[in-house]
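**Student:** coordinates for the following, if possible.
(one chain, ligands or ions: 1)
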Amino acid sequence: MAFDIKICGLKTEPALEAALAGGASHVGFIFFEKSPRNITPADAGRLRQQAAGRAAAVAVTVDADDAALDHIVATMAPDMLQFHGRETPERVAELKMRYRLPVMKAFAIREAVDLAAIAPYRGIADRFLFDAKPPAGSQLPGGNGVSFDWRLLAGLDAEVDYMLSGGLNAANIGDAIRFANPPGIDISSGVESAPGIKDVALIEDFFQAVRAGESRAA
Ligand SMILES: O=C(O)c1ccccc1N[C@@H]1O[C@H](COP(=O)(O)O)[C@@H](O)[C@H]1O
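**Tutor:** From the prediction side, this is the model:
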């Protein structure tokens, strides 16, 4: 596949195996208690061994403190950290130095001006993740299954490395690839049968739709 694919919010061996068999480049584990996808560092550590050498294991956190991050990094040994909260550029730089791991910083996008928020993180974050703004009342900063207007990404500097996320699924991934031609995509609730319950058949359908979308774009 020409771009990276991250399947996020994994909690079980069958779902992780479906993601790896489908060709995921990244697999994500959520450390956020309010999320139906929350996992303990110990369980994520066991699962990440299944992914070793096959996909990068990403630890997703939201404004986590040093103690929580120390525990996650020591127990799970992620290949990458994803910051999905209000982490400042200074905090991202500090954590990148502390753990010596590549970092992906998430941004909530609704309109073109929201993309300007990445400016102070350039040269600090290794990659960006563009997700939709959470719906009013949501307790989750991500994993809400809502999309933003992918055409906004057409205005981005071509050097910006990012993953497109937010409300992706087998039905819309073809359009997302066509409109945004992203260097990476990230999906969570679009391959679930219920919040936090990954569905192997939906994961397989998603990879099939990605391949179909890719060949149409080629
Ligand atoms: O998925 C979650 O529960 C979550 C919780 C806290 C921070 C980030 C979270 N998920 C991230 O959001 C994207 C988009 O999710 P979706 O595809 O719209 O459901 C997901 O891939 C994670 O990176």
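**Student:** state the pLDDT value of Met1.
**Tutor:** Confidence at Met1, expressed as pLDDT, is 53.
**Student:** for the most centrally placed residue in the chain, which non-adjacent residue is spatially closest?
**Tutor:** Geometric centre of the chain, nearest residue: Asp186, 4.5 Å, by CA atoms, centre = their mean. Spatial nearest neighbour of Asp186, chain neighbours left out: Ser165 (3.8 Å); criterion: CB to CB, 6 or more residues apart in numbering. The way it works is simple: take the backbone N, C-alpha and C, and place the C-beta from them, glycine included.
**Student:** OK, contacts around that neighbour?
**Tutor:** Counting by CB atoms under 8 Å, 6 or more residues apart in numbering, Ser165 makes contact with 6, 8, 106, 129-131, 142, 185-188.
**Student:** of these, which is the nearest to the ligand?
**Tutor:** Gly142 (2.5 Å; CB to the nearest ligand atom).
**Student:** just give me the neighbour total for the closest one.
**Tutor:** By the criterion of other CB atoms under 10 Å, Gly142 has 30 neighbours.
**Student:** mind telling me what element it is part of?
**Tutor:** Under the criterion DSSP states H and E, no helix or strand holds Gly142.
**Student:** got the contacts of Ser165 as a markdown table, with distance to Ala44 columns?
**Tutor:** Shown next, in a markdown table, are these (distance: CB to CB, whole Å):
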| residue | distance to Ala44 |
| --- | --- |
| Lys6 | 15 |
| Cys8 | 12 |
| Ala106 | 18 |
| Leu129 | 18 |
| Phe130 | 24 |
| Asp131 | 21 |
| Gly142 | 17 |
| Ile185 | 21 |
| Asp186 | 17 |
| Ile187 | 18 |
| Ser188 | 15 |
